[in-house]
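# Just to be clear, the model below is a prediction. Sequence and coordinates:
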Amino acid sequence: MKEALLPFFEWCDATALASYIQQSQWLFPFIEAFHLVAFAALGGAALLVDLRLLGVLLKDQPVAQLAKDARPWFWGALALMFVSGGLLFVSETTKLYYNDPFWSKMRFLFLGILFTITIRRKVINMDSIKVGHWAKVVSLVNIVLWSGVAWGGRWIGFW
């Protein structure tokens, strides 16, 4: 599967946008700063709800309401991450193609989004009495998945 993507990666690397970002001294760090701030917002929104599911934080707040309030932050931050991440990706596609932490990050990102919009959403919308210990398991899995995204992103530069 990965080998089939090499032509796409090579095409991205040859674009004018990639060249522009690569030749600029300040553009890559500027985009990366936005990417990191967006991930911090996404992580904060997710972690707030997960810590509530664990019963550690905001115990008097209904989980469904807290999740509803955090949702625009989560999805807005994810959108900004995709835009900034896309620009970062285009600027160093050759490096990323051969970078194992990048592929780990992409797997965790896919699983994190999938888990968030399926299982976690169902648990958040269930009656808390029916959820029981599953809420804790779901919150821990979600924390692990999004931590995997952060871990992968952090290690891209060291690989």
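In hand now; what should we look at?

# residues contacting residue 17?
Residues in contact with residue 17 (C-beta atoms under 8 Å, 6 or more residues apart in numbering) are 87, 90-91. C-beta coordinates here come from the backbone N, C-alpha and C atoms, glycine included.

# what's the distance between residue 29 and residue 55?
The span separating residue 29 from residue 55 equals 40 Å under the rule C-beta to C-beta, to the nearest Å.

# which of those two has more neighbours?
Taking other C-beta atoms under 10 Å, residue 29 and residue 55 do not tie; residue 55 has more neighbours (13 against 9).

# That one touches residue 133, doesn't it?
No. With contact defined as C-beta atoms under 8 Å, residue 55 and residue 133 do not form a contacting pair (10.5 Å).

# Longest helix in the protein, by number of residues?
Secondary structure assigned by DSSP state H gives helix 63-91 as the longest helix of the chain.

# what's the following helix or strand after that helix?
helix 93-97 (DSSP states H and E).

# for that following helix, packing partners?
Secondary-structure packing of helix 93-97 (3 or more C-beta pairs under 8 Å, 6 or more residues apart in numbering; DSSP states H and E): helix 6-13.

# quick one: contacts of the helix it packs on?
When contacts are defined by C-beta under 8 Å, 6+ apart, helix 6-13 is touched by residues 18, 89-90, 93-94, 96-97.

# Now which of those residues would you call buried?
With burial judged by 16 or more other C-beta atoms under 10 Å, the buried subset of the contacts of helix 6-13 is 18, 89-90, 93, 96-97.

# Beyond the lowest-mean-pLDDT helix or strand in the chain, next helix or strand please.
The weakest-scoring helix or strand in the chain, judged by mean pLDDT, DSSP states H and E, is helix 128-131 (a mean of 59). Next along the chain after helix 128-131, taking DSSP H and E as the criterion, comes helix 133-156.

# Tell me the buried residues in that following helix?
In helix 133-156, the ones that count as buried by 16+ other C-beta under 10 Å are 135-136, 138-139, 141-143, 145-146, 148-150, 152-153, 156.

# Stretch 27-45 too?
Neighbour count says stretch 27-45 has 31-32, 34-35, 38-39, 41-43, 45 buried, by 16+ other C-beta under 10 Å.

# Between all of the buried residues of helix 133-156, which two are separated the most?
Of all pairs drawn from these, the one with the longest distance (C-beta to C-beta) is 135 and 156, at 32.5 Å.

# With that, I have no additional questions.
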